[in-house]
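In: Coordinates for the following, if possible.
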Amino acid sequence: MNGDRSKHHVSRIAAVRTRTLVATYRIVTPMFCAGADQQSAELRLPSFKGALRFWWRTLMWGKVNDHNELRRREADLFGSSDAGTGQSKVRLRICSSQLAAPVNPPSVFENGTLPGAHYLGYGVMEAFGSRKKGTRAGQLTRAMIPSGEFSVECRLSASATRDQLDEVRKALILLGTVGGLGAKSRKGFGSITITELQNPGPPIDLTTPPQDRLKNLLRPNPEADDWPAWTAWSKHSRLLIATANCKRAVELLDRLGREEVFFRSWGHEGMVFGQPAERNFPHDYYLWKRRPVEPKYPYRLAFGLPHNYGKKPEDLVHPEQHDRRASPLFIHIDQQDAKHPPVAVLAFLPSQLLPRNEDVMAFGAPVNLATDDTLWFPIHAFLDRLLNGGTIPQPRVGYDRFPAENEWWRKKTDIHAEEIKLV
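Out: Predicted coordinates for the structure are as follows:
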């Protein structure tokens, strides 16, 4: 009898192991993750679970083509508070963590020496100094976790299918190759690199470059031709890998931030970072002065909403029926350890900018949007700018909207980028 119980116990342990994943992550760029108290930084399991669910959803387009089915599948796997929905099949716990001591406001990030990173971190730190407010560029407004390492155990219930286990495995790797945790994670802060995955299946080599990890994960359905109804990998997605002559992750993040400022900014008195401003978007700069005679939208809304063009309520550009629209461009800094140079992963996941029949902007007056392929040309241009130090081999829809005299693609940079084909 005791022998039968022992065999049953051993088989039960073996079954649990076949449904358990343990992922280890390295915090590569400072993480702004907190609970109710934004002045106290902490690594929170709900933040991790939310990010895991997000990246799981990005993999679903082509398998699922409407929101209702997506919600049903997500609730079946991760659980939901809706009546009639069962418990989550995925149980998570942080099983180990070694984190650097939090850095609190009003400390100054990198002593105010990385203006490109300040720009990307606007909201969690001051982008510019202010004598009136007595603040410095890079001064923190929230506490941050500078670095560290942690492991998360992910145990799936006996009712989980093999496909669901595989989906969670892919989402864990994707989170640690393209994503991050906390505020400004789409802008490159809070980037986490997956360094190990204890997996019930065949061993997974995570020491390979990020592009190799992603090639095995991302196979968008070429037959799913429509624009995704949510942020997801599709045939319209783009993936760039970028490097520069720098050893520290925050320095690479700063280089990318500078490039985005050069590309997007009108500048102050004709200058950006001490160099002549490119002024690629005169349409946006002058547009607010012509309202409501010309009810149009600024092109740069592709980078996310809202946009603020002045101090009056009507100077705020935002979706008429929504508060915001997050950027579809994700910046991630990947670095296995300090011995290896950092690598930037830029993922562009375009989808419907706003839900159909709700695609109206408010900019002093209602403004109807253009088609999705036209809307996204500024982000395509920014990525092509990183790829090409010379000429654009094949101009995309919308490139004729740039001033003819501007050669924005000829901007010299030490960033080297290559595009990874997904389909």
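
In: which stretches of this structure have low pLDDT?
Out: Residue ranges of the chain with pLDDT under 70: 1-17, 83-85, 220-225, 288-295, 358-360, 364, 370-372, 389-394, 408-411, 423.

In: And the helices in it, which stretches?
Out: For the chain, applying DSSP state H gives helices covering 2-17, 45-58, 67-78, 115-120, 162-178, 210-215, 249-264, 282-287, 372-375, 377-387.

In: Quick one: work out the angle between the fifth one and helix 45-58.
Out: Looking back up the chat, that one is helix 162-178. Following axes from the mean of the first three to the mean of the last three Cα atoms, to 10 degrees, one obtains 110 degrees for the angle between helix 162-178 and helix 45-58.

In: Domain map for this protein?
Out: Taking automatic domain parsing as the reference, the chain has its domains at 21-105+142-207, 224-423.

In: Dump these into CSV; add mean neighbour count and distance to residue 120 as well.
Out: The C-beta positions use only the backbone N, C-alpha and C, and glycine is treated the same way. CSV is the format used below for the domains of the chain (neighbours: other Cβ atoms under 10 Å; distance: least, Cβ to Cβ, whole Å):
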stretch, mean neighbour count, distance to residue 120
domain 21-105+142-207, 18, 4
domain 224-423, 17, 4
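
In: So which of these is nearest residue 216?
Out: Each of the domains of the chain has some distance to residue 216 by Cβ to Cβ; the shortest is domain 21-105+142-207, at 8.7 Å.

In: how far does that closest one sit from the chain's center?
Out: Offset of domain 21-105+142-207 from its chain centre (Cα atoms, centre = their mean, to the nearest Å): 13 Å.

In: Between the two ends of that domain, how far is it?
Out: 18 Å (Cα to Cα, to the nearest Å).

In: could you dump the domains of the chain to TSV with distance to residue 131?
Out: Output for the domains of the chain, formatted as TSV (distance: least, Cβ to Cβ, whole Å):
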stretch	distance to residue 131
domain 21-105+142-207	18
domain 224-423	15
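
In: which residues of the stretch 101-250 of the chain fall in strands?
Out: With strands called from DSSP state E, counting those that start in this stretch, the stretch 101-250 of the chain shows them at 148-156, 192-198, 238-243.

In: I'd like the ones you listed written out as TSV, with distance to residue 313 added.
Out: Converted to TSV, those look like this (distance: least, Cβ to Cβ, whole Å):
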stretch	distance to residue 313
strand 148-156	42
strand 192-198	38
strand 238-243	35
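
In: closest one to residue 331 among those?
Out: strand 238-243 (9.3 Å).

In: pull the CA atoms of that closest one into PDB?
Out: Extracted C-alpha coordinates of strand 238-243, given in PDB (Å, rounded to 0.1, in the frame of the first residue of the first chain):
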ATOM      1  CA  ARG A 238       8.800  45.200 -38.800                       C
ATOM      2  CA  LEU A 239      11.800  44.100 -36.600                       C
ATOM      3  CA  LEU A 240      15.200  45.900 -36.500                       C
ATOM      4  CA  ILE A 241      18.400  45.000 -34.600                       C
ATOM      5  CA  ALA A 242      20.600  47.900 -33.800                       C
ATOM      6  CA  THR A 243      24.100  48.400 -32.300                       C
END
